[in-house]
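K.L.:
What would the 3D arrangement of this be:
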Amino acid sequence: MVKNILVIKHGSFGDIIQINGCLKDIREHYSKHKIYILTTPAFNNYFGKCPFIDEVILDKRKSRWNLIYLYQLKKFFTKYKFERIFDLQNSHRTEFYRKYLSSSEWISSRTMLRFNETKEEFDKKSILERFKLQLSRSKIDTQFAEKPQVSWMIDDDFHISSEIKKNYIVLFPFCSPKHHQKIWPYYEELISKLKSKLFEMDIVIAPGPGEINAARKYNVKLCLHNNQPTNFFQLAKLLIGAKYVISNDTGPAHLAAHLGCKGLALFGGHTTPEKVSIETGSFLSISSKNIRNISMEEVFDKIDSHL
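P.N.:
Numbers count the residues shown, from 1 in each chain. Below is the predicted model:
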């Protein structure tokens, strides 16, 4: 009888990108098990195509006072008799699941703490280091935990518009409205500078849902699919062909970094590049306690020296 493993990851997009190394490690360790993932509806299609996952289960994350919802979740955990549950969300919600809904062995940042090690101390480490420790302390070989494997995402059937030159730079000037402190305010000036100095390249924005109208205000070309935002896989195809990527701290920036793209992420005081593990050999960052203090000239000089 095939045994079951569960991974929990609700979101967001950048966080989903970051666990791809862990997923590959778990897949290789449990090659004969069936691996499920508990996630949110926004990532149903994503994990449905992920080669490290066998089946997707959706969690609508209703109120923990919703007794019918809790009963259904309890039935889910009981039905599949998971040998182990890898909680890669590590949230208050999933800790509640562990305490009250499941009797399976639960692998989380909290359950894997060493003697005399506090959760606060553990959480000071970078996100990928935390994931690696979470797996290694549960006796999983961690060959990929700190190297998210996302090349499988590239949609080779997606054809980028012929209106976009072969040499192009991709910008991500937007961010969740909830995180306005992440938005660098000088993209318009940067675009003008890039166009005057790197005239042989196109400047491209790939807007996400709800961003198309805002993107049209910039003097750039847009990458869309049937006049709609690209999906995760089409976006990966766009990024892998880019000469450079410039972004706020967003999901696409993490995707670009772990695809091996050349690029630059801009950070305010909400976190650090080290904490979110975004820097690679080819993907750099600039950070300031106030993102408005990062000048256009500093950003352009960094790009110019890195291209």
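
K.L.:
Quick check, Ile205 in contact with Ile164.
P.N.:
No. Judged on Cβ atoms under 8 Å, Ile205 makes no contact with Ile164 at a distance of 11.0 Å. From N, CA and C alone the C-beta is placed, and that goes for glycine too.

K.L.:
Spell out which residues are contacts of both of these two.
P.N.:
Residues touching both Ile205 and Ile164 (Cβ atoms under 8 Å, 6 or more residues apart in numbering) are Lys221, Cys223.

K.L.:
More neighbours: which of the two?
P.N.:
When neighbours are counted by other Cβ atoms under 10 Å, Ile205 and Ile164 differ, and Ile205 comes out ahead with 23 against 17.

K.L.:
residues contacting that one?
P.N.:
When contacts are counted by Cβ under 8 Å, 6+ apart, Ile205 is found next to Val170, Leu171, Phe172, Pro173, Ala215, Tyr218, Val220, Lys221, Leu222, Cys223.

K.L.:
Strands - which of those land there?
P.N.:
Among the contacts of Ile205, the residues falling in strands (DSSP state E) are Val170, Leu171, Phe172, Lys221, Leu222.

K.L.:
What segments of this protein are helices?
P.N.:
All helices of the chain, identified by DSSP state H, fall at 13-18, 20-29, 44-49, 67-80, 92-100, 119-122, 127-136, 187-197, 212-215, 232-240, 251-259, 296-306.

K.L.:
from the ones in strands among the contacts of Ile205, which two are the most distant?
P.N.:
The most widely separated members of those, counting by Cβ to Cβ, are Phe172 and Lys221 (14.3 Å).

K.L.:
Pick out whichever of the two has more residues nearby.
P.N.:
Between Phe172 and Lys221, Phe172 has the larger neighbour count (other Cβ under 10 Å), namely 27 against 16.

K.L.:
you'd agree that one is up against Asp249?
P.N.:
No. The pair Phe172 / Asp249 is not scored as a contact, 9.7 Å apart, by Cβ under 8 Å.

K.L.:
any weak-confidence spans in the stretch 151-300 of the chain?
P.N.:
For the stretch 151-300 of the chain, no stretch has pLDDT under 70.

K.L.:
coming back round to it: now, which of the contacts of Ile205 sits nearest Glu200?
P.N.:
Lys221 (14.2 Å).

K.L.:
measure the residue nearest to Ile19 when sequence neighbours are not counted to Arg130 for me?
P.N.:
Using Cβ to Cβ, 6 or more residues apart in numbering and skipping the chain neighbours, the partner closest in space to Ile19 is Leu88 (5.0 Å). Separation of Leu88 from Arg130 (Cβ to Cβ, to the nearest Å) stands at 10 Å.

K.L.:
For the two, indicate the residue with more neighbours.
P.N.:
Neighbour totals were compared for Leu88 and Arg130, and Leu88 leads with 24 against 20 (other Cβ under 10 Å).

K.L.:
Pop the domain breakdown of the protein in here.
P.N.:
Listed by automatic domain parsing, the domain ranges of the chain are 4-149, 168-306.

K.L.:
Any idea how far apart the tips of the longest one sit?
P.N.:
Same thing as domain 4-149. Start and end residues of domain 4-149 are separated by 23 Å (Cα to Cα, to the nearest Å).
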